[in-house]
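Student: How does the following fold in three dimensions:
(2 chains)
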Amino acid sequence: MSVALEKLPSQLREQRLKEVDQVILRHRDRPGALLTILTEIQDLFGYLPEATFKPVAQALGIPVSQIWGVATFYTLFNTRPRGRHMIRLCENAPCHIQGTVAVLEAIQRELGIAPGEDTQDGEWGLELVSCLGICGVAPALMIDDQVYGNVRPEAIPAILDSHR
Amino acid sequence: MHLYRAHVLVCAGTNCSLKGHRAVRDALTREIVGRGLGDEIKVVETGCFGLCEQGPTIVVYPEGVLYCRVKAEDVPDLVGIHLLKGRRVDRLMYREPTRPVAVQTVPELDYFRKQVRVVLDNCGVIDPDSLEEYIGHGGYTALARALEDGPARVLAEVKASGLRGRGGAGFPAGLKWEFGAKAPGPIKYVVCNADEGEPGTFKDRLILEGDPHRILEGMAICGFATGARQGYVYIRGEYGLSISRLEHSIRNARELGLLGENIFNSGFSFDVEVRFGAGAYVCGEETALFESLEGKRGEPRIKPPYPTEVGLFGRPTVINNVETLANIPAIVNRGAAWYRSIGTDTCPGTKVFTLTGDIVNEGLIEVPMGMTLREVIYDIGGGIPGGRRFKMAQTGGTSGGCLPESLLDVPMDYDKLAAAGSALGSGALLVMDDTHCIVDVARVFARFFLHESCGQCAPCREGTLQLHHILDRFTAGRGSREDLALLGRLAKTMAGASLCPLGQSVPLSIMTTLKHFEPEYLAHIDDRACPAGTCRPPAGGMKPAAAGNGRRGY
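Tutor: A predicted model of the protein is given here:
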C-alpha cells in the first residue's frame, strides 16, 4: 500500500513535501492547472495526502475546500492510501452482458475483497468503474495503467500473478 | 526513397494490442529479417481496421489479404507461404458467417463493402505516428487550402455541408462555428471533446489512435475560421495510447510548422495543448468539461450563455467532438456538395458506430447516415453469434434507447432514431440476444447513472438513486405495480427538471425497456419470475427460472 504521508518520519515527510513544491512550481502559471497538479501529486504518493492541499491552495490562490471538492469529485483521485495495484473493473452494460459478474466473483475469490476495499497486505485495491472505452473486447478491466480485454474468470489468477 | 514489394500492416489499436499484436509484430520482423527479406517487405503498425473481435488482425499488401486472430506461431507460415511463395494461408483468413469459403481480400468483405470511410479513411492504412505518411495521404492540404480561401469561405463550406455534431446532440457544426466567429473579443478557444465516456463507445479513442493528425488539422481549420489561436484537447486520463500519440503528433506538427506561429507563412498562428480528465462521465457535457479544464469540479453550467458566448475561461469557445473535427479536412478538400452526396438530407455524411454485445463482428465501422439498423447488425455486424435470437439493440449508448426486433428497419440518423423513440447519440450500438434479462440490464443502466450523476441538481442526484432502488426491487422479486407507476413519474420528472443532458437522458434507456418489454417487467412483479433466468437474488424472493441459462446478474 502507498504509505500515508502522515506516518513518515518528519525529515522524510519534509523531503517529500519538497517534491510537491516542485510539481506546483512546474504548473502554477498555467491556467486551470489544479487537475494536472493533483494528478502528479497522486503519482508521487499513490493518493492525495491532505498535507499537500495547503501549499497547493496557497500557490493557486484558492481555498483548501476547493481542492477537497475536486479531489473527491473524480474517480481516479484517492484521498486515502489505496492498494499498491488498483484493479478497475468495468461494470457497464456492454461488459455486464459479456460476463463482468463472473469476473468480479473470480477476483473476489482470489483476493477476498469487495469493490471499494483493499487487501490487508496493501497490495491490491478493487473498484467498479464506468466504461473504459474498450467495449470491442468486453469484458474489460485495468490494473494500474495496463488494460485487459476479453477477460475470462479462469484467467484472473494468471493476470493477477503477472502484477505480483 | 526505398520501395518495398510488400507491406504487412499490423493493427496496433488498443483492442488488438490487448490481444497480443506486439508478439505478432515482433515475430514478423524477426522472421522477415531472418529470411533476408528486410529490404523487400516492410512491417507497419497502423490504427484500427475495425474488426476488433477478430484481432490481432493484419493485412498484407499489395493484394490486401486480411488475416485474423493471428498468433506469433502463425508467422512462419505467413512469411513462408504468403510472402515467399505467394500463396494465401487459408486457415487464417476471415470467414463470413453467411459464406463458408474464406474471403480473399479486404475489398471483397461484406464487412468493408458496405462501409464508406471518410473519418476512418486513414485508420488501419497509415502509421499514425508518422506525420510523413499523413501528409502522403493528403494530410494538411485542407489546412493549406483553408488558409488560402480565407475564414469566410471555410465557414460557408462547413455550413453548407450540413455536418452535425457527432458527440451526440447533432447540432449543426457550421452554425456553431459561425456563432464562434461572430463572438466579439480578442481571445477565443477551440476545444476538442475527447472525453469519450458513453458506455459502448470507443470510436474517438480509435480515431485518435489511428489518425491523430486529422484531429489537429480539423482543430487548426476551426481556429482559423473562428478566430481562435489556442486549442485544447480534453481527453480521458484512461486513454493512455491516444494521449501519447496525440502528444507525439503535436510535437511533430510543431517541428514542421504545421502548428505554432505563422503557419504556412499565412500570419495565422495556432497551437494545441492536451489536458486529461480524471474520471467523470459528466465531463463529456461541454460546460462541465470547461469547468474541469479550469481545474474545478466538473459540474455543468446553466445555459444560456452558450459556449460560443461564454466558454472556457469565460471566453468564446467552439467545442466539437473528435469525430466532428475528423470530418473537417475532407469537407474543406472535397467540398460541401460532395459531402452532401453521402447520407441523408437532414444528416449528411457518414457515422462511425461501435458494435458491441452479442454481435459477431464487434468493432468499429463507418457507414453513410441513414443505413438501417438491420443492415448494420446483420450485413456488417455479421448477426447474432451462436444461432441465438435477437432481443434488442440499444443505440446511442446507455443514454440512448432500446429498440426491439419490430424496429430493426429504422434508418439510423439523428432524426429518424429520435422519431423511433431512441437516439443516435455517440454511435454506440449494443446488441443483446434473448438470453439476457431486460430488467437486469435496465438496473445496470440505472447503476451507471447513479454512479455518474454529479450531484449538483436534485432531480438527477435523488432520481438516479430512487430509480436504482426500484429496479433493484424488481430484480430481487420484491417489486410492485406501484413501483412501476412510480418509475414512470420519476422518469418524467427527471427528463423535465434535470439541469443537464445526463439527468435528462436517464429516462430514455430505462423507459424504452419498459415500453418494449413490459411483459418481462410484469413477470418479475406479478409472478416473481425472471423469464431469462438471470435474476437470482440471495434471499430467494424470486422463483427459479424454468430454464436457466447460466447468466447471472448481481
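Student: where does chain B have low pLDDT?
Tutor: By pLDDT under 70, the weakly predicted segments of chain B are B:1, B:97-105, B:107, B:536-554.
Student: likewise chain A?
Tutor: Using pLDDT under 70, the flagged stretches of chain A are A:1-2.
Student: thinking in terms of the whole chain, how far from its middle is the host helix or strand of residue B:466?
Tutor: Per DSSP states H and E: residue B:466 is located in helix B:458-475. Chain-centre distance of helix B:458-475: 28 Å, with C-alpha atoms, centre = their mean, to the nearest Å.
Student: For the one helix or strand residue A:55 maps to, which helices and strands make contact with it?
Tutor: For residue A:55, the enclosing helix or strand under DSSP H and E is helix A:53-60. Contact here means 3 or more C-beta pairs under 8 Å, 6 or more residues apart in numbering or on different chains; DSSP states H and E; on that basis helix A:53-60 packs against helix A:10-27, helix A:34-45, helix A:64-73. For glycine as for every other residue, the C-beta is placed from the backbone atoms N, C-alpha and C.
Student: any chance of those in a markdown table, with distance to residue B:3 too?
Tutor: Below are the helices and strands packed on helix A:53-60 laid out as a markdown table (distance: least, C-beta to C-beta, whole Å):
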| stretch | distance to residue B:3 |
| --- | --- |
| helix A:10-27 | 46 |
| helix A:34-45 | 45 |
| helix A:64-73 | 54 |
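Student: According to the record, where do the domains of chain B fall?
Tutor: Listed by automatic domain parsing, the domain ranges of chain B are B:6-109, B:131-340, B:350-433, B:438-526.
Student: nope, chain A is what I was after
Tutor: Structural domains assigned to chain A are A:5-73, A:85-161, following automatic domain parsing.
Student: about what we covered before: contact partners of the helix or strand just after the helix holding residue B:466?
Tutor: Going down the chain from helix B:458-475, the next helix or strand is helix B:481-497, by DSSP H and E. Applying C-beta atoms under 8 Å, 6 or more residues apart in numbering or on different chains, the contact partners of helix B:481-497 are B:457, B:459-460, B:463-464, B:466-467, B:470-471, B:473-474, B:503-508, B:510-511, B:514, B:521, B:525-526.
Student: ok now helix B:481-497, how far from the chain's centre?
Tutor: 30 Å.
Student: So which bits of it are buried?
Tutor: Neighbour counts over helix B:481-497 (16 or more other C-beta atoms under 10 Å in any protein chain shown) mark B:483, B:484, B:487, B:490, B:491, B:493, B:494, B:495 as buried.
Student: Repeat that for stretch B:82-89.
Tutor: B:82, B:83, B:88, B:89.
Student: Check stretch B:157-166 too.
Tutor: Here stretch B:157-166 shows B:157, B:158, B:159, B:160, B:161, B:162, B:163, B:164, B:165, B:166 as buried, counting by 16+ other C-beta under 10 Å.
Student: Can you lay out those residues as a markdown table showing secondary structure and distance to chain A?
Tutor: A markdown table is the format used below for these (DSSP: H, G, I helix; E, B strand; the rest coil; distance: C-beta to the nearest C-beta, whole Å):
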| residue | secondary structure | distance to chain A |
| --- | --- | --- |
| B:157 | helix | 32 |
| B:158 | helix | 28 |
| B:159 | helix | 31 |
| B:160 | helix | 33 |
| B:161 | helix | 28 |
| B:162 | coil | 28 |
| B:163 | coil | 24 |
| B:164 | strand | 23 |
| B:165 | coil | 19 |
| B:166 | coil | 16 |
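Student: Find the residue at the geometric middle of chain A.
Tutor: residue A:76 (5.1 Å; C-alpha atoms, centre = their mean).
Student: State the distance from that residue to residue A:47.
Tutor: Counting by C-beta to C-beta, to the nearest Å, the separation of residue A:76 from residue A:47 is 11 Å.
Student: Which members of the buried residues of stretch B:82-89 additionally contact chain A?
Tutor: With C-beta under 8 Å from any C-beta of the partner chain as the criterion, those include none near chain A.
Student: With respect to chain A, which of these is nearest?
Tutor: The closest of those to chain A turns out to be residue B:89 (C-beta to the nearest C-beta; 23.3 Å).
Student: right, and that closest one touches residue B:67 too?
Tutor: Yes. Between residue B:89 and residue B:67 there is a contact under C-beta atoms under 8 Å: 6.7 Å.
Student: Overlap of the contact sets of these two?
Tutor: In contact with both residue B:89 and residue B:67: B:74, B:78, using C-beta under 8 Å, 6+ apart.
Student: ok, the residue nearest to the centre of chain A - contacts?
Tutor: A:39, A:42, B:237, B:238, B:278, B:279.
Student: buried subset of those?
Tutor: The neighbour-count test (16+ other C-beta under 10 Å) applied to the contacts of residue A:76 identifies A:39, A:42, B:237, B:238, B:278, B:279 as buried.
Student: and the buried residues of helix B:481-497 as a markdown table, adding distance to residue A:62?
Tutor: Shown next, in a markdown table, are these (distance: C-beta to C-beta, whole Å):
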| residue | distance to residue A:62 |
| --- | --- |
| B:483 | 44 |
| B:484 | 47 |
| B:487 | 42 |
| B:490 | 37 |
| B:491 | 38 |
| B:493 | 35 |
| B:494 | 33 |
| B:495 | 35 |
